[in-house]
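A.B. asks: Structure, please.
(one chain, ligands or ions: 1)
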Amino acid sequence: MARVFRDLRPERDTVLVSIMEHHSNDLPHRKHLGRVIHLPVALHADGMGCVDTRALEGLLKQEQERINYVAITGVSNVTGIINPVADIARLAHEHDALVLVDGAQMVAHIPVVVSGHADPVEDVDALVFSGHKTYVPGSPGVVIARKEHLAQLEPEEVGGGMVERVFTERYTVSQHFPDREEAGTPNIPGAIGLAAAIEVLDRIGMDFLVEEEGRIIDYTLDRLKSIPEVEVYGSTDTGSCPRAASISFNLEGVHHSMVAAILNDYHNIAVRNECFCAHPYVIEMIPDQAAEYIAMSDEELAAAGMAKPGMVRASFGLYSTQEDADALIAALKDIIRNQGTYLPLYRLAESDHEFRHTTFRLNAEEFSVPDIVSRVIGDDGRTSRRSSE
Ligand SMILES: Cc1ncc(COP(=O)(O)O)c(C=O)c1O
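C.D. replies: Numbers count the residues shown, from 1 in each chain. A predicted model of the protein is given here:
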């Protein structure tokens, strides 16, 4: 979409990208448009909130002639904070900018409206999301975009299936959607799987899901806030700053990588840690922890072999229950209480600067594709098949 918008309005070289973005909704705009201005988030009394719509309006006015589009995430993959997409679309459109929404964290968690608003100024120009974040590993990513934008350009990807006729001197691009935008062999089973998952979500009802997940998130936030050693990032006032899907936090005095490892090794709880492919946003929320990291050059960082700054992220989905939240809280309390016992058991690995247990070992050698193949068809089978060919 970055290339589409660039080619659609080449006279406009600037994109407003929120500081909350996953790298995948930041770096393509830097690479393809050239000039990116990062939008700040609003500051609430208890932490950072959603995109600062006043700052957005100011920049839209100030840079009006140059701004091509606003790229914004619907839901942060770090804090889970939900952005007011319709308000942002209204502001952008009133200033002649287009709107691209990253829906990767939305589609499985909150109702999504791309068009059909009572006032069409609130409709978005494009929304993209990833099938693998919508319960279907191996399924494709999805682009929902206004045909009027796409139809003005030759598709960014060319190849089989998107042309009517091809001669050595010329080719004619199909006018038919979505074929013209889907050069190459589509991931058909992945798309069918994704359609089935979306059908399931639809039947359960996104209004129900957002309410259920919201209830568990509120419950978890309340319990986390009751532990003095836990710092939760982003405003936790879900009345004024609603959330979905994720909560990120740190435990005082225990490195995020160690917390994640102990949760996994001793409590059977899988979380992610570090910066979650949203480095600028995470770093902004942990200025003290990140100060040294920010001050160092790339060469110094490569030589230092230090663990990266970051956080621990708990993620919620269809299957999450209040008991899961209780298990997380009990585990965190255990880590706080027994950190003196746990800490000597972990060392910083030189390979990836993550903390690893000194005696528990996952033997990567045990995962060997040739061995798995041998187990399934047998070494003899392979040999005899080869010799018979
Ligand atoms: C908010 C957000 N946007 C984009 C992505 C990236 O999606 P993909 O890896 O499918 O490009 C992710 C995570 O994977 C995400 O959480």
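A.B. asks: mind showing which ranges of this protein have poor pLDDT?
C.D. replies: 381-389 (pLDDT under 70).
A.B. asks: Close to the ligand: what parts of it are there?
C.D. replies: Selection of the chain residues close to the ligand by Cβ under 6 Å from any ligand atom yields 22, 24-25, 73, 77, 102, 104-105, 130, 132-133, 141. Glycine gets a C-beta too; all of them are placed from N, C-alpha and C.
A.B. asks: what would these look like in CSV with distance to I372, secondary structure and neighbour count?
C.D. replies: Formatted as CSV, the entries for those read as follows, by distance: Cβ to Cβ, whole Å; DSSP: H, G, I helix; E, B strand; the rest coil; neighbours: other Cβ atoms under 10 Å:
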residue, distance to I372, secondary structure, neighbour count
H22, 33, coil, 20
S24, 31, helix, 16
N25, 36, helix, 23
T73, 38, strand, 29
N77, 32, coil, 25
D102, 36, strand, 27
A104, 31, coil, 25
Q105, 33, coil, 24
S130, 27, strand, 20
H132, 23, helix, 15
K133, 27, helix, 20
G141, 28, strand, 15
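A.B. asks: Identify each buried residue in the top helix by length along the chain, please.
C.D. replies: Within the chain, and with DSSP state H defining each element, the longest helix by residue count is helix 206-225. Using 16 or more other Cβ atoms under 10 Å as the test for burial, helix 206-225 gives 206, 209-210, 212-214, 216-218, 220-221, 223-224.
A.B. asks: same deal with stretch 332-344?
C.D. replies: Using 16+ other Cβ under 10 Å as the test for burial, stretch 332-344 gives 332, 334-336, 339, 342.
A.B. asks: now, the most widely separated pair of those residues?
C.D. replies: When the buried residues of stretch 332-344 are compared pair by pair using Cβ to Cβ, the two farthest from each other are L332 and Y342, 12.1 Å apart.
A.B. asks: Not counting its neighbours along the chain, what's nearest whatever residue of the stretch 201-350 of the chain ends up closest to the ligand?
C.D. replies: Proximity to the ligand, evaluated over the stretch 201-350 of the chain using Cβ to the nearest ligand atom, is greatest for C277 at 6.4 Å. The spatially closest residue to C277, leaving aside those adjacent along the chain, is H23, at 4.8 Å (Cβ to Cβ, 6 or more residues apart in numbering).
A.B. asks: just to revisit the earlier point, what's the longest helix of the chain in contact with?
C.D. replies: Applying Cβ atoms under 8 Å, 6 or more residues apart in numbering, the external contacts of helix 206-225 come out as 80, 109-112, 201, 230, 232, 236, 238, 242-245, 247, 249, 314, 316-318, 320-322, 324-326, 328-329, 332.
A.B. asks: from those residues, which would you call buried?
C.D. replies: By the neighbour-count criterion of 16+ other Cβ under 10 Å, the contacts of helix 206-225 include these buried positions: 80, 109-110, 112, 201, 230, 232, 236, 238, 242-245, 247, 249, 314, 316, 320, 324-325, 328-329, 332.
A.B. asks: Skipping adjacent residues, who's closest to E65 in space?
C.D. replies: R12 (7.5 Å).
A.B. asks: Help me confirm that the one you found comes into contact with R66.
C.D. replies: Yes - with contact defined as Cβ atoms under 8 Å, R12 and R66 form a contacting pair (5.7 Å).
A.B. asks: if you count what's nearby, which of the two comes out ahead?
C.D. replies: Each of R12 and R66 has its neighbours counted (other Cβ atoms under 10 Å); R12 has more, 21 against 14.
A.B. asks: hang on, the earlier thing: got the contact list for the residue nearest to C277?
C.D. replies: By Cβ under 8 Å, 6+ apart, the contact list for H23 reads 277-279.
A.B. asks: Using a markdown table, lay out the residues you listed together with neighbour count.
C.D. replies: Rendered in a markdown table, the data for the contacts of H23 read as follows (neighbours: other Cβ atoms under 10 Å):
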| residue | neighbour count |
| --- | --- |
| C277 | 16 |
| A278 | 24 |
| H279 | 18 |
